[in-house]
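Engineer: Just need the structure, nothing else, for what follows:
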Amino acid sequence: MAVDMTMPVLVVDDYKTMIRIIRNLLKQLGFQNVDEAEDGAAALSKLRMKQYGLVISDWNMEPMTGYELLKEVRADEKLKSTPFIMVTAESKTENVIAAKKAGVNNYIVKPFNAATLKGKMQSVIGEF
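Structural biologist: Coordinates of the predicted model:
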């Protein structure tokens, strides 16, 4: 089944520049329907209002981290199957293990490019 390129993607990061970078990479890959949230709490309220095909979230945010957002999403009956990719500047093994245990679909370490993003996304949502 082909990926719907019009599906909404939610990018969550407290750093506006990073949101812009990911948004531009997604556009390069053909995804036009990109929403953004500046922290986990804002992302959660957006997720509860709209169906997203993918969440790409930063790990380190205040007051609600990407990890806490992931746990909330997985605990929510309506949201738990939402594909979730975590982005972080740290490649600490314990973080990767914690995110995997919490149900993350994939993990990207910064810096990354369109090819890396595409590869990680394809492993989660399928070929596009």
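
Engineer: Tell me how many other residues crowd the residue lying closest to A89 once chain neighbours are set aside.
Structural biologist: Of all residues not flanking A89 in the chain, K110 sits nearest, at 4.7 Å (C-beta to C-beta, 6 or more residues apart in numbering). Heads up, the C-betas are built off the backbone N, CA and C, glycines and all. For K110, the count of nearby residues is 14 (other C-beta atoms under 10 Å).

Engineer: ok, K110 touching S91?
Structural biologist: No: counting by C-beta atoms under 8 Å, K110 sits too far from S91 to count as a contact (9.4 Å).

Engineer: quick revisit: next one: phi and psi at the residue nearest to A89?
Structural biologist: phi -70, psi 150 (degrees, to the nearest 10).

Engineer: who's in contact with stretch 75-88?
Structural biologist: 13, 18, 22, 47-48, 52-60, 66-67, 70, 72-74, 95, 99, 103-110, 112, 120-121, 124-125 (C-beta atoms under 8 Å, 6 or more residues apart in numbering).

Engineer: after the helix or strand of the chain with the lowest mean pLDDT, next one along is what?
Structural biologist: Sorting the helices and strands of the chain by mean pLDDT, DSSP states H and E puts helix 93-102 at the bottom, at a mean of 93. Helices and strands here follow DSSP states H and E; after helix 93-102, the next one along the chain is strand 106-109.

Engineer: can you point me to the longest helix in the chain?
Structural biologist: helix 16-29 (DSSP state H).

Engineer: what is the rounded mean pLDDT of that one?
Structural biologist: Summarised as a single mean, pLDDT over helix 16-29 is 96.

Engineer: cool, and stretch 48-55?
Structural biologist: Mean predicted confidence for stretch 48-55 is 97.

Engineer: now do the same end-to-end measure for it.
Structural biologist: 13 Å (C-alpha to C-alpha, to the nearest Å).

Engineer: Measure how buried the nearest residue to M18 once chain neighbours are set aside is and give me the count.
Structural biologist: Distances taken as C-beta to C-beta, 6+ apart place D58 nearest to M18, at 6.6 Å, with adjacent residues excluded. When neighbours are counted by other C-beta under 10 Å, D58 registers 24.
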